[in-house]
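>>> next comes the sequence, and after it the predicted model I'd like to discuss.
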Amino acid sequence: MAETVELLRRLPLFARLSETALAVVALRTVQRTLPRDAVLFRRGEPCHGLYVVVAGQVKVYRASPDGTEQVLHVQRAGQPVGEVPLFDGGAYPASAQAAEESRVLFLPRDDFRWLYQHHPEVADAVIVELGRRLRRMIALVEKISLQDVPARVASTLVEHAEAAGGLRDGAEFRLPRTQQELAAELATRRESVARALARLRQDGVIAQQGARIRVLDARALAAAARGRARP
């Protein structure tokens, strides 16, 4: 149990709990290892508890009848998955799947309710995460509805550059998604993503080696993200 307590202490969701509370949670959690593409839950299924990513990545998505996916967000280490139904009592509004080999903690629904009732700081942490996710969702809707595919791709590169330390000439970062995964997130096809990246390389805006991106012209990349051609 000591190992689980130490693991919980490193997760932002539980970091503010007392040693006693951590011990109680540790007794009630179960760790699961998920191979890549393993489904955690599907849209419409009843919610049985809270998942927290310990290692790896879990994508949350909606799928159309023809199999087309729209990735809503990707949760990484320390972030909760599927917590909305725990508050509103409904079914899962989307599906979740391991984007790579991952580990998750599972806390049953009744234990989670006990936890946030007795330790409101846990509910506060979940609400903060929901707020961040809502902001990302609003940005994603704006990106998909108001921008063409090249601008969507450029906007995504700008976001990753800023997250890696700032958009500037010479900034380097790693794209955490494949072109297929990026296409699913941006509601387009992999070929369209590949063409957009190729155009940015040809125009001297970025350099790319596999998943590594180097910004060569930050002003041009920002302009492309706004849908403007390079002067």
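Alright, I've got the coordinates.
>>> which of the residues in the helix-or-strand element of the chain with minimal mean pLDDT are buried?
Ranked by mean pLDDT, DSSP states H and E, the weakest helix or strand in the chain is helix 120-146, scoring a mean of 77. For helix 120-146, burial by neighbour count (16 or more other C-beta atoms under 10 Å) applies to 121, 122, 123, 125, 126, 129, 133, 140, 143. Just so you know, the C-beta spots here come from the backbone N, C-alpha and C atoms, and that holds for glycine as well.
>>> return the closest of these with respect to residue 71.
Minimum distance to residue 71 across these is 8.9 Å, recorded for residue 140 (C-beta to C-beta).
>>> got a list of what that closest one touches?
When contacts are counted by C-beta atoms under 8 Å, 6 or more residues apart in numbering, residue 140 touches 72, 73, 185.
>>> so what's the residue lying closest to the last one once chain neighbours are set aside up against?
When the adjacent residues along the chain are set aside, residue 185 lies closest to residue 71, with 4.1 Å between them (C-beta to C-beta, 6 or more residues apart in numbering). For residue 71, the residues meeting the contact criterion (C-beta under 8 Å, 6+ apart) are 59, 60, 61, 181, 184, 185.
>>> could you identify the most distant pair in those?
Spatial extent of the contacts of residue 71 (C-beta to C-beta) is set by the pair 60 and 181 at 12.7 Å.
>>> in strands, which of the contacts of residue 71 fall?
Per DSSP state E, strands hold the following members of the contacts of residue 71: 59, 60, 61.
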